[in-house]
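Engineer: quick one, structure for this:
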Amino acid sequence: MLNTDQYWALPDGISEALPDEAECLEQLRRRLLDLFSTWGYRRVMPPLVEFMESLSTGHGTHLDVQTFKLTDQLSGRMMGVRADMTPQIARIDAHKLKTAQTNRLCYIGSVLRTRSFHRDGSRSPLQVGAELFGHAGLDSDFEVISLLLATLNHCQVPDLLLDIGHVGIFRSLAHAAGLSAQQERTLYDMLERKSLPEMDEWLQSATLPDSIKRCLRQLPRLNGSVAVLDEAAELFGNAFPEIQEALAYLRTLAGRIAASFPNCRIHIDLSELSGYDYHTGIVYGVYTPDMGREVARGGRYDGIGEAFGRVRPATGFSTDLRTLAKFSLPYMQLPTETTIFAPAIQDEALEQLIHRLRNQGQRVVRALGGQTATPASLGCKQQITLQDGQWSVVAV
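Structural biologist: Just a heads-up that it's a prediction; the model follows:
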């Protein structure tokens, strides 16, 4: 038998917003959409549920296991509640908009996950993001990262640290080593967990050229300031032209970011492989002190639209509106409009006054028949009273 608490308790990781928080979140949502608009990003509103084939496209099994699934009673097909809006935005670009030009799209909406990405985190974040489709190159990656940093600065997130890597480096080494899919996955798992002793032991027993072993062994140790890129270039030498190209790309990108955002620290991590199943180039996360996880994440994912009929280069980022609100809240001011109390009297002149006040944007609360609450108890600082035969707004 359920106790009383179990009737109203929310599931773990599921949250709601009461009036004050909801007003703050809505104010911040509008401000961010206005900011994105000044950069040329147009909002799209994908559906909450889609067929699973669409939702899991290009993201491997990672997103599949995060998705709540249900059977469509009309078609009998499996549907999912979106756990990430990025595949939906890619579908819209590839299948609905169908332009050969670049597309700049943004979105804000609820997602639902079977498990939180982080310990004690939300399973129902309000995902905020921007995606740029149709351009494969440094300029689009720089633009998207710049928009992300501008967003975080706008939300007063302090002491930003951009942690950036490139999945093409590990992918090139795995290809040169001739690793099987299982071996590549095993190494990826070790790198993701930063398990250096386990990785060293695995490499020692693996049948691989010594030069490849040396590079793979050093890969997780190649992290730090931008100077790490020079160390990596010397390590890989001329044997890996694709890796040298990726290092040069990171070097140029980091230089442009440092010039435009001098207060943002840049940390290079060449074993950063978040989203390895679908990312194809740079990957990054942004961190701030006193927060044990990233406040935002992004990267390049060229080709994700192939399943929707069009291969399009793409780059983008996402974050969580509630996370941003924690930093913005001390600097936000809720609307200070005064609430006006109107009596429960049927009078044409009173009705006209209430209608006029509401059209002016004033907040008017009408009394209800039999109501005993006073205007002050309802938070009203003004009220409508009849004075000398005229309805007037006066202080409570």
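
Engineer: SS state for E242?
Structural biologist: Of the three states, E242 takes helix according to DSSP: H, G, I helix; E, B strand; the rest coil.

Engineer: correction: the previous question concerned G275.
Structural biologist: When classified by three-state DSSP, G275 comes out as coil.

Engineer: contacts only, for it.
Structural biologist: Neighbouring residues of G275 by CB atoms under 8 Å, 6 or more residues apart in numbering: H59, H62, V167, V283, R297, G299, Y301. Heads up, the C-betas are built off the backbone N, CA and C, glycines and all.

Engineer: any idea which of those residues is closest to P158?
Structural biologist: R297 (18.4 Å; CB to CB).

Engineer: skipping adjacent residues, who's closest to the closest one in space?
Structural biologist: Computed as CB to CB, 6 or more residues apart in numbering, the closest residue to R297 that is not its neighbour in sequence is G285, at 4.7 Å.

Engineer: any idea which helix or strand carries that neighbour?
Structural biologist: Using DSSP states H and E, G285 sits within strand 282-287.

Engineer: what is that strand packed up against?
Structural biologist: Here strand 282-287 touches helix 138-154, strand 161-166, helix 241-260, strand 296-300, going by 3 or more CB pairs under 8 Å, 6 or more residues apart in numbering; DSSP states H and E.

Engineer: and with 6 Å instead?
Structural biologist: Secondary-structure packing of strand 282-287 (3 or more CB pairs under 6 Å, 6 or more residues apart in numbering; DSSP states H and E): strand 161-166, strand 296-300.

Engineer: just how off-centre is the longest one within its chain?
Structural biologist: I take that to be strand 161-166. Relative to its chain's centre, strand 161-166 lies at 16 Å (CA atoms, centre = their mean, to the nearest Å).

Engineer: send me that strand as CSV with only the CA atoms.
Structural biologist: C-alpha atoms of strand 161-166 as CSV (Å, rounded to 0.1, in the frame of the first residue of the first chain):
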residue,chain,number,x,y,z
LEU,A,161,37.6,27.0,-19.1
LEU,A,162,37.3,25.6,-22.6
ASP,A,163,38.5,22.0,-22.7
ILE,A,164,39.0,21.0,-26.4
GLY,A,165,40.2,18.0,-28.3
HIS,A,166,39.8,16.3,-31.7
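
Engineer: tell me the angle of that strand relative to strand 296-300?
Structural biologist: In terms of direction (axes from the mean of the first three to the mean of the last three CA atoms, to 10 degrees), strand 161-166 departs from strand 296-300 by 30 degrees.

Engineer: circling back: quick one: mean pLDDT for the strand holding G285?
Structural biologist: Throughout strand 282-287, pLDDT has a mean value of 97.

Engineer: got the angle for that strand vs strand 296-300?
Structural biologist: In this structure, strand 282-287 runs at an angle of 170 degrees to strand 296-300, with the same axes, to 10 degrees as the basis.

Engineer: name every strand pairing with strand 282-287 and say which way it goes.
Structural biologist: If you go by DSSP bridges, strand 282-287 pairs up with strand 161-166 (antiparallel), strand 296-300 (antiparallel).

Engineer: packing partners for the very next helix or strand once past the shortest one?
Structural biologist: Right, strand 296-300. Tracing the chain C-terminally past strand 296-300 and defining elements by DSSP H and E, one meets strand 314-320 next. Contact analysis of strand 314-320 by 3+ CB pairs under 6 Å, 6+ apart lists strand 126-133, helix 138-154, strand 296-300 as its packing neighbours.

Engineer: so which of the strands paired with strand 282-287 is nearest F133?
Structural biologist: If we rank the strands paired with strand 282-287 by CB to CB, the stretch that ends up nearest is strand 296-300, at 11.2 Å.

Engineer: please save the CA atoms from the closest one in CSV.
Structural biologist: Extracted C-alpha coordinates of strand 296-300, given in CSV (Å, rounded to 0.1, in the frame of the first residue of the first chain):
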residue,chain,number,x,y,z
ALA,A,296,28.0,23.1,-21.9
ARG,A,297,29.3,20.7,-24.5
GLY,A,298,29.6,20.6,-28.3
GLY,A,299,31.6,19.6,-31.3
ARG,A,300,31.5,18.8,-35.0
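
Engineer: name the residues that touch it?
Structural biologist: Contacting residues not belonging to strand 296-300 are listed as 148, 279-286, 315-317, 319 [CB atoms under 6 Å, 6 or more residues apart in numbering].

Engineer: show the average pLDDT along that strand.
Structural biologist: In this model, strand 296-300 has an average pLDDT of 97.

Engineer: does G40 really touch R104, like I thought?
Structural biologist: Yes - under the criterion of CB atoms under 6 Å, G40 makes contact with R104 at 4.9 Å.

Engineer: thinking again about what came up before, pull the contacting residues for the residue nearest to R297.
Structural biologist: Here G285 is in contact with D163, E294, R297 (CB under 6 Å, 6+ apart).

Engineer: nearest to L70 among those?
Structural biologist: Nearest to L70 among the contacts of G285: R297, at 27.6 Å, using CB to CB.
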